[in-house]
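Undergrad: Okay, here's the prediction I keep looking at, along with the sequence it came from:
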Number of protein chains: 2
Amino acid sequence: VSAVPRLQELETPAAVVDLDRMEANLQRVAAYTREHGFSWRPHAKTHKIPELGARQLAAGACGLTVATPREAEVMASVAEDILLAYPPVGETKIQRVLALPEVVRLSVAMDSLEALVPLARAAQERRRRVGVLVEVDVGMGRVGLPEPPQAVEIAVRVADLPGVELDGLLFFPGHVREPLGRQGPALAAVSRRLAGFLEALEGAGIAPRVVSGGSTPTLWRCHEMTGLTEVRPGTNLFNDRTTALFEACGWEDCAYSVLATVVSTAVPGQVVVDAGSKALAREEIGGGIAGFGSVLDRPEVVVTGLSEEHGTLGLEATDWRPQVGERVRLVPNHVCVSVNLQERLWGVRDDEVVECWEVAARGR
Amino acid sequence: VSAVPRLQELETPAAVVDLDRMEANLQRVAAYTREHGFSWRPHAKTHKIPELGARQLAAGACGLTVATPREAEVMASVAEDILLAYPPVGETKIQRVLALPEVVRLSVAMDSLEALVPLARAAQERRRRVGVLVEVDVGMGRVGLPEPPQAVEIAVRVADLPGVELDGLLFFPGHVREPLGRQGPALAAVSRRLAGFLEALEGAGIAPRVVSGGSTPTLWRCHEMTGLTEVRPGTNLFNDRTTALFEACGWEDCAYSVLATVVSTAVPGQVVVDAGSKALAREEIGGGIAGFGSVLDRPEVVVTGLSEEHGTLGLEATDWRPQVGERVRLVPNHVCVSVNLQERLWGVRDDEVVECWEVAARGR
């Protein structure tokens, strides 16, 4: 800790995590999932930091979710149960995930025989047992089998093939983007879709042990998705502007921000900071919501423009008139893609830097 | 070269540069700037790779442009003339740029006394001479002084202060986003704005040696910006979907693509590949142009959706029906932010991988 600089000394842009807020976020999701009897398998894509994966496990997570072989490899240093919620397509990816330490219980999500068959063959050759979750589409329309008979077909093949075993179903309700209080109809539709898949499996004599779903926007209403056994929120660890605007957290629950310095006040009505799209990430929220982020302690001040190394803060809604050299902390719209742009995150309590983590699972 | 994998062996997503196309792009800009008597100072933020900076210099560039201290430090291994087109605000940034090797001729752009005075003081203390370009706004409204008297005020201070010397003016015409053939009125407006600044400087007895401007969209009409002496295109080295749609390059001039693998065909009407916003970068073009990129050899196939590790390709405009496991090369909307997401780029001739470069100037 002695080598850690003070907050004022960090060169900007620098990504900062408020530890008190992060720990409160952890405890809140742990309590919610305990209360409803869900397995909690947080998605490590949000932080890509093994030390934070370890804290999630210590707080009660049953294992970790990852999206890439690299994330699996890095998280294997702390987790003994890893779900790759992404099909490993191609021989090198298959071999990488099968080379994870023996102690790791590995499961994989997929929606095609083309992904399943080569994995099962390679798993058998390496005498490794891999769990499979059949990915189904409950309305997002991105990946996942839309029709129950298709899911049954894959599930039956999993049961037949050596090397793999059926864990159950997986879905991602990423299409549910209403504010928390208005998700009722969308969640009911998810439950109906899930019921269709579960009935079809039952009709084929298959009883899935796991039904894995959930997202940060729907997190606190996951218990309304009938049949769910496991939730995989990622963003929730840090939260972000989108999560707050969707009412799935309070603004004061935003634990992650990018410390930035004002570098220009030349153009009237705005100031420009040194955190641009290469620090905050350019991600629009949609639905008529403007801006790419907000100032942590002045949420009315919005990032109205973003180029690679320039973030523009509009001053319409504030009397604040910062000078060149003043520092601000910005909450991005989407924390996961902002973290992916950082080499390291700094953990702070109040304004004291107390930890530094390498974002070790970035890249490939 | 013997250790370099073949294109078919690269694990996806992987960023690939067509060397023949890149070299043609280099020769084209070198010829244009030679023809019009411009200094050519390409922006290294696009590639962040010293080996490519060296090729730009070998092709006739007078020096390199950078945006961050890190880019300056990395490019100092190949360039003896570096323009930091960004004010170094804060003591650590100032000290980093002043610590560049003595052999490097350093200049810096800025639009405030708050940025100028500490830099000049530190430069004098270190007995280093730093060139200053006063940044002016010619219509973009991001940074740069909007009014000629403001620019004169800074220029006069530069002339007075030890440690710094006035090189001239700098601007970025990033607001000119019409297709090449329709830029006439916007370029005439830029020329008028420039004339106002140049007349005001002349009235104060100041003759700028350098007037640095230009962008990739305006590159081939830079000679219509009256007074310009230097151009700083970045994107032009690789080009991208935006550049092609703005008619500042042909589609066949796009040298950069992200190799990706189809991982899901479950949802009808589309396929999903393993290049998402963490590989392509999520950057909208605006102006009613949909999509985040296109398939290199099927530009009618557009990236219609992008989440972190999923890119969705719409199949409306094509009879092509790829299977899970098939590979495609995707041209992103904005190449600079996509390169910034890569650990390395692979240089290919036809389909043979012949080079690999670390993206060394990423990060801070």
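TA: Now that the structure is in, tell me what you want to look at.
Undergrad: Wasn't residue A:331 part of a strand?
TA: Yes. When the secondary structure is assigned by DSSP: H, G, I helix; E, B strand; the rest coil, residue A:331 falls within a strand.
Undergrad: Residue A:304 - how many residues pack around it?
TA: Using other CB atoms under 10 Å in any protein chain shown, residue A:304 has 17 neighbouring residues. (Each C-beta comes from the backbone N, C-alpha and C, glycine too.)
Undergrad: any idea which helix or strand carries it?
TA: Counting by DSSP states H and E, the element that carries residue A:304 is strand A:298-306.
Undergrad: so, in contact with chain B or not, that strand?
TA: Yes. Remark: strand A:298-306 sits within contact range of chain B at residue A:305, by CB under 8 Å from any CB of the partner chain.
Undergrad: quick one: strands adjacent to the helix or strand following that strand?
TA: Using DSSP H and E, the next helix or strand after strand A:298-306 towards the C-terminus is strand A:311-314. In its sheet, strand A:311-314 lies beside strand A:270-273 (antiparallel), strand A:298-306 (antiparallel), with partners assigned from DSSP bridges.
Undergrad: What parts of the stretch 201-350 of chain A come near chain B?
TA: Counting by CB under 8 Å from any CB, the residues of the stretch 201-350 of chain A close to chain B are A:261-268, A:272, A:274, A:277-278, A:281-284, A:305, A:307-310, A:312, A:323-325, A:336-337, A:340-341, A:343.
Undergrad: what's the most buried one of the strands paired with strand A:311-314?
TA: Per-residue neighbour counts averaged over each of these give the maximum for strand A:270-273, namely a mean of 24 (mean count of other CB atoms under 10 Å in any protein chain shown).
Undergrad: Contacts for the next helix or strand after it, please.
TA: Toward the C-terminus, strand A:270-273 is succeeded by strand A:293-295 as the next helix or strand (DSSP H and E). Residues from elsewhere that reach strand A:293-295, judged by CB atoms under 8 Å, 6 or more residues apart in numbering or on different chains: A:241, A:258, A:280, A:300-303, A:311, A:313, A:328-333.
Undergrad: Let's see the PyMOL selection covering just the buried ones among those residues.
TA: What follows is the PyMOL syntax for the buried subset of these, where burial is set by 16 or more other CB atoms under 10 Å in any protein chain shown:
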select buried, chain A and resi 241+258+280+301+302+303+311+313+328+329+330+331+332+333
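Undergrad: Give me the three-state assignment for residue A:178.
TA: The three-state assignment at residue A:178 reads coil, by three-state DSSP.
Undergrad: and it, what does it touch?
TA: Taking CB under 8 Å, 6+ apart as the criterion, residue A:178 is in contact with A:186, A:246.
Undergrad: switch to 7 Å and redo it
TA: Applying CB atoms under 7 Å, 6 or more residues apart in numbering or on different chains to residue A:178 gives the contacts residue A:186.
Undergrad: Show me where chain A dips below the pLDDT cut-off.
TA: Counting by pLDDT under 70, the ranges of chain A that qualify are A:1-3.
Undergrad: so residue A:170 makes contact with residue A:137?
TA: No. Checked against CB atoms under 7 Å, the pair residue A:170 and residue A:137 is beyond contact range at 10.7 Å.
Undergrad: Same drill for those two, tell me which one is more crowded.
TA: With other CB under 10 Å as the criterion, residue A:170 and residue A:137 differ in neighbour count, and residue A:170 comes out ahead with 26 against 23.
Undergrad: Please name the bridge partners of that one.
TA: Using DSSP bridges, the bridge partners assigned to residue A:170 are residue A:135, residue A:212.
Undergrad: quick one: contacts for it?
TA: Going by CB under 7 Å, 6+ apart, residue A:170 touches A:85, A:109, A:133, A:135, A:212.
Undergrad: Repeat the analysis, applying 8 Å as the threshold.
TA: Taking CB under 8 Å, 6+ apart as the definition of contact, the neighbours of residue A:170 are A:83, A:85, A:109, A:133, A:134, A:135, A:136, A:144, A:210, A:211, A:212, A:213.
Undergrad: residue ranges for the strands of the stretch 51-200 of chain A, please.
TA: Assigned by DSSP state E, counting those that start in this stretch, the strands in the stretch 51-200 of chain A fall at A:64-66, A:81-84, A:105-110, A:130-135, A:164-170.
Undergrad: And the residue of the stretch 1-150 of chain A that's closest to chain B?
TA: When you check the stretch 1-150 of chain A against chain B by CB to the nearest CB, the closest residue turns out to be residue A:114, at 3.6 Å.
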